[in-house]
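> Build me a model from this:
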Amino acid sequence: VCGDVGFGKTEVALRAAFVAVTGGKQVAILAPTTLLAEQHYQNIADRFGKWPVKVAELSRFRSAKEVKAAMEGIADGTIDIVVGTHKLLSADVKFKRLGLLVIDEEHRFGVRHKEAIKALRADVDVLTLTATPIPRTLGMALEGLRDLSVIATAPQRRLAIKTFVRNESSGTIREAVLRELKRGGQVYFLHNEVETIENRRQKLEEILPEARIAVAHGQMPERELERVMRDFVAQRFNLLLCSTIIETGIDVPTANTIVIARADRFGLAQLHQLRGRVGRSHHQAYAYLLVPEMQSLTKQATQRLEAIQQMEELGSGFYLAMHDLEIRGAGEVLGENQSGNMMEIGFQLYNEMLAEAVRSLKAGREPDLLAPMQAATDINLHAPALLPHDYCGDVHLRLSFYKKLATARTGEQIDALVEEIVDRFGKLPAPAQTLIDVHRLRVLSAPYGVQKVDAAPGVISIAFKPNPPIDPMAIIHLIQKNRHIKLAGNDKLRIER
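Numbering: from 1, shown residues only. A predicted model of the protein is given here:
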């Protein structure tokens, strides 16, 4: 499921989990950070409170004793839903009857982790949630190896987040933070260097004496981190100075401004995710991307910042991911490499070859990898077959109709195309009519294994491929009945008319 930040992917996961649990299966929910796992655990415990469902959490927020109890419960099947970080993937976690695996923020897990997940069990359903799928996953979805659903509808009364790219200065920071504090909101200040985060805190205290500042990063002791986050949610602090630990899934509706220092050092998906931490209610939210000097940025950093500024409307995560796919190339389907080299044969042909193989496997036959790709029937009617340019002037339109006709697989598809062409350009001229006939013949002859039809005035020859899927007796009867049909060689019919 690909849906933008805060569009309700977690809700879909909760409902899926409910279906799985009531069906008597266990559910595992995998989250990239301890904070997010903790938050999911709280949500699920609240939502399933009225039902006889046992929920456990595996992360470093839990004591060794709790973890041990949870492991035993998973193994003997008493625990229905388990939420955890990468710890879920370790070898000593054994599930009794895992039915559904939910991966939240799928782009935060590497290919190896995902392969480890697949190896858990062959018959587990997997639901992955992400706002910005990584190119490899997106490639797989577009190739039809995975199903993809996009949640494109924003929640009601949700506003787009206003995004600004600014040079870093005390004035900008003070203005951004005070605007939010004055309306009673909270601010995230993102400083992604744990070594220097304390210096930043002192500077912020000088610029903003009125703010109550808390610090959160991944190298803090668990209990302290947990306490800081709970206090921030309870609004005891109004400025959270943090590292990217807040990147995924933290949901604080009252925080509506985020200031990102050194924004040029983040990736596209990261910036999109971080920006999605704010604007989760109906207030206008602001994101400030602070950079040192505009001129000194690398070309790619500038491109990223431009892309994130352009795509500020809601639901743009999917397009950002497509952007990313174009910049980096798709991944290998079977290997671990992220950017497979499909430029050699082109994306279109690659997809056709893949689709052909997938089709054969679904039909239960071995894909014939040596057979020529589009073994399309060669049809020659000895007459011009085309869309004349005085009939359909625009070259791009002509090409798109040729492509649509060439990929039509059934008579109905061709009928629909003819309707569209006549509707747009008027009555078909003779060459266009011939073109349609050629494609009708192609569709008709495919099921009989016809390779070539050559129709000259007076004689038609039809060539079949080796071992065509037809009854030889039928052909013999045809030749005996009709004097004008003859066999020419082993796989050719000659019709003289």
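> mind listing what the closest residue to residue 456 other than its chain neighbours touches?
For residue 456, the nearest residue in space outside its immediate sequence neighbours is residue 382; the separation is 5.2 Å by Cβ to Cβ, 6 or more residues apart in numbering. Any C-beta I mention is one placed from the backbone N, CA and C, and that applies to glycine too. With contact set as Cβ atoms under 8 Å, 6 or more residues apart in numbering, residue 382 has these partners: 455, 456, 457.
> Tell me how far the second one lies from residue 494.
For residue 456, the distance to residue 494 (Cβ to Cβ, to the nearest Å) stands at 11 Å.
> for residue 484, same thing?
9 Å.
> So if I had to pick from these two, which one is more boxed in?
Neighbours were counted for residue 484 and for residue 494 using other Cβ atoms under 10 Å; residue 494 has more, 15 against 11.
> picking that back up, select from the contacts of residue 382 the one having the most neighbours.
residue 455 (19 neighbours).
> That one - that's part of a strand, no?
Yes. Assessed by DSSP: H, G, I helix; E, B strand; the rest coil, residue 455 belongs to a strand.
> Report whether the expected contact of it with residue 381 is present.
Yes. Judged on Cβ atoms under 8 Å, residue 455 makes contact with residue 381 at a distance of 5.2 Å.
> Same question for stretch 395-415: list its buried residues.
Buried residues in stretch 395-415, counting neighbours by 16 or more other Cβ atoms under 10 Å, are found at 398, 401, 404, 405, 408, 414.
> And those, which is closest to residue 193?
residue 404 (54.2 Å; Cβ to Cβ).
> which other residues reach the helix or strand hosting that closest one?
Using DSSP states H and E, residue 404 maps to helix 395-407. Residues outside helix 395-407 that contact it (Cβ under 8 Å, 6+ apart): 376, 387, 389, 392, 414, 417, 421, 435, 436, 439.
> try it again with 6 Å
Helix 395-407 has contacts (Cβ atoms under 6 Å, 6 or more residues apart in numbering) with 387, 392, 417, 439.
> Dump that helix to CSV, restricted to CA.
Extracted C-alpha coordinates of helix 395-407, given in CSV (Å, rounded to 0.1, in the frame of the first residue of the first chain):
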residue,chain,number,x,y,z
VAL,A,395,2.5,11.9,-35.6
HIS,A,396,2.3,11.1,-31.9
LEU,A,397,-1.4,10.2,-32.1
ARG,A,398,-0.6,7.9,-35.1
LEU,A,399,2.1,6.2,-33.3
SER,A,400,0.0,5.7,-30.2
PHE,A,401,-2.8,4.1,-32.3
TYR,A,402,-0.3,1.9,-34.1
LYS,A,403,1.1,0.7,-30.7
LYS,A,404,-2.5,0.1,-29.3
LEU,A,405,-3.4,-1.9,-32.4
ALA,A,406,-0.2,-3.9,-32.3
THR,A,407,-0.8,-4.9,-28.7
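> and that helix, how far from the chain's centre?
28 Å (Cα atoms, centre = their mean, to the nearest Å).
> do stretch 477-493 as well
Relative to where its chain is centred, stretch 477-493 has its mean C-alpha point 54 Å off (Cα atoms, centre = their mean).
> Stretch 279-289 too?
25 Å.
> What are the buried residues along that stretch?
279, 280, 281, 283, 285, 286, 287, 288, 289.
> pretty sure the fifth one contacts residue 254?
No. In this structure, residue 285 is not within contact of residue 254 by Cβ atoms under 6 Å, at 10.9 Å.
> so what's the nearest residue to residue 219 once chain neighbours are set aside up against?
Spatially, and ignoring its direct neighbours in sequence, residue 219 is nearest to residue 194 (5.3 Å; Cβ to Cβ, 6+ apart). Residue 194 makes contact with 217, 219, 243 under the criterion Cβ under 6 Å, 6+ apart.
> do residue 496 as well
Contacts of residue 496 by Cβ under 6 Å, 6+ apart are 459, 484.
> now swap in residue 278 and tell me
255, 256, 258, 285.
> could you measure the closest residue to it other than its chain neighbours against residue 277, distance?
Ranked by Cβ to Cβ, 6+ apart and with sequence neighbours excluded, the top spatial neighbour of residue 278 is residue 285, at 4.1 Å. Note on residue 285: its distance to residue 277, by Cβ to Cβ, is 9 Å.
> What of residue 244?
10 Å.
> Look up how far residue 31 lies from the closest residue in space to residue 30 that isn't next to it in sequence.
With Cβ to Cβ, 6+ apart as the criterion, residue 30 has its nearest non-adjacent residue at 4.9 Å, and that residue is residue 103. Here residue 103 is placed at a distance of 8 Å from residue 31 (Cβ to Cβ).
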